[in-house]
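A.B. asks: coords please:
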Amino acid sequence: MAMKYGRGILPDHTFKIMTDRLTYWHYIKLDAIHDLQSNAQTDCFDEPMFIAVHQHFELWFAQVIRNLDETIRRLMGTPPEVASAAALMDRVNREFHLATQGFDVMKTLSREQFMAFRGALGVTSGLQSAHLTVIELLVGRRADEMYHAEIAGPGMVDFQEKYGGENGLLATVARDRASRGTLRVAYDRIAADSNLAGPDFEMLKRQIANFDDQLFSWRKHHYEMAAKVLEKDFTDSSGTVGNEHSCRDNLKVGITHTHRYFEELHEA
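C.D. replies: All right, here's what the predicted structure looks like:
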């Protein structure tokens, strides 16, 4: 199933009339949640946790995307909704913080526990997360700043085939942002209007700076978690994208291409 993105593709708020009474387990899709880790490749006890943490990342990323999209819409509106956008950015920060806490759970894996099922992962890698790239596109990354092709290997070839290309998800999001604006564009619009100065704008600045910090640090957290769990294999074995580079070297590519989108808010 293709990843859905953007306002208009998100579900609306209409309620389907059901013949049976709605229950908590239907509403939350509890049976589906129970099945989410069923794609484990081994019988190793720790692998379902590894899968669950990465699903945790992606579920929160999806919410961050949804709320960033709405934040930008509110800031680009006439008049801009600065106060509600600042409040929504507070939610985004809490969501992204929760996502990042998944690394703390991953760090409970020992090297031996991870290596017991690592080989079964094939060329899968967290570097293949399209959600995280969409978040950066929403914030202000340009289409010509994509770095995925620089991580050569079958795993990234798979990524490019699924999400790259002129009609792929990433190009579609980039075109959409060119017409509807990014968080960077929306913020500059508000900052340029002296009539919008005040407590609400100051709160918006703090929330955006907080998110910029968290997004900037994400790949550092990923790098540190992998270094702790893999120990000597972090540098001595090849990464999981299927190339000959170590996990350290592959993750460094992402770190090298990471930058702050609101540098001036940290200098103030």
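A.B. asks: where does this protein have low pLDDT?
C.D. replies: Scanning the chain for pLDDT under 70 picks out 1-19, 268.
A.B. asks: longest helix in it, please.
C.D. replies: For the chain, the helix with the greatest residue count under DSSP state H is helix 199-230.
A.B. asks: summarise which helices and strands that helix is packed against.
C.D. replies: Contact partners of helix 199-230 among helices and strands, from 3 or more C-beta pairs under 8 Å, 6 or more residues apart in numbering; DSSP states H and E: helix 82-100, helix 102-106, helix 111-118, helix 130-139, helix 183-191, helix 247-256, helix 263-267. No exception for glycine: its C-beta is placed from N, CA and C like everyone else's.
A.B. asks: and residue 46, its phi and psi?
C.D. replies: phi -80, psi -10 (degrees, to the nearest 10).
A.B. asks: next, count neighbours for it.
C.D. replies: 17 (other C-beta atoms under 10 Å).
A.B. asks: got the contact list for it?
C.D. replies: By C-beta atoms under 8 Å, 6 or more residues apart in numbering, residue 46 lies in contact with 109, 113-114, 116-117.
A.B. asks: which strands or helices does the helix or strand harbouring residue 171 pack on?
C.D. replies: In this structure, residue 171 sits in helix 169-180 according to DSSP states H and E. Under the contact criterion of 3+ C-beta pairs under 8 Å, 6+ apart, helix 169-180 touches helix 47-76, helix 130-139, helix 154-163.
A.B. asks: tell me the buried residues in the last one?
C.D. replies: Buried positions in helix 154-163, judged by neighbour count with 16 or more other C-beta atoms under 10 Å: 155-159, 163.
A.B. asks: redo the residues you listed as a markdown table? Include distance to residue 201.
C.D. replies: Formatted as a markdown table, the buried residues of helix 154-163 follow (distance: C-beta to C-beta, whole Å):
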| residue | distance to residue 201 |
| --- | --- |
| 155 | 43 |
| 156 | 40 |
| 157 | 45 |
| 158 | 43 |
| 159 | 38 |
| 163 | 35 |
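A.B. asks: so which of those residues comes closest to residue 173?
C.D. replies: Closest approach between those and residue 173, by C-beta to C-beta: residue 163, at 9.5 Å.
A.B. asks: and the closest one, how far from residue 124?
C.D. replies: 14 Å (C-beta to C-beta, to the nearest Å).
A.B. asks: middle-most residue in this protein, spatially?
C.D. replies: With distances taken as C-alpha atoms, centre = their mean, residue 132 lies nearest the centre of the chain, 2.8 Å away.
A.B. asks: measure that residue to residue 84 for me?
C.D. replies: 26 Å.
A.B. asks: please apply the same query to residue 126.
C.D. replies: 33 Å.
A.B. asks: ok, residue 229 next?
C.D. replies: To residue 84, residue 229 is 40 Å away according to C-beta to C-beta.
A.B. asks: out of the two, which sits in the more crowded spot?
C.D. replies: Shown here are residue 229 and residue 84; by other C-beta under 10 Å, residue 229 has more neighbours (22 against 14).
A.B. asks: do you know how far that one is from residue 112?
C.D. replies: For residue 229 relative to residue 112 (C-beta to C-beta), the value is 10 Å.
A.B. asks: what's the local residue count around residue 147?
C.D. replies: 15.
A.B. asks: wait, doesn't it sit right on residue 255?
C.D. replies: No - Residue 147 is beyond contact range of residue 255, at 10.3 Å (criterion: C-beta atoms under 8 Å).
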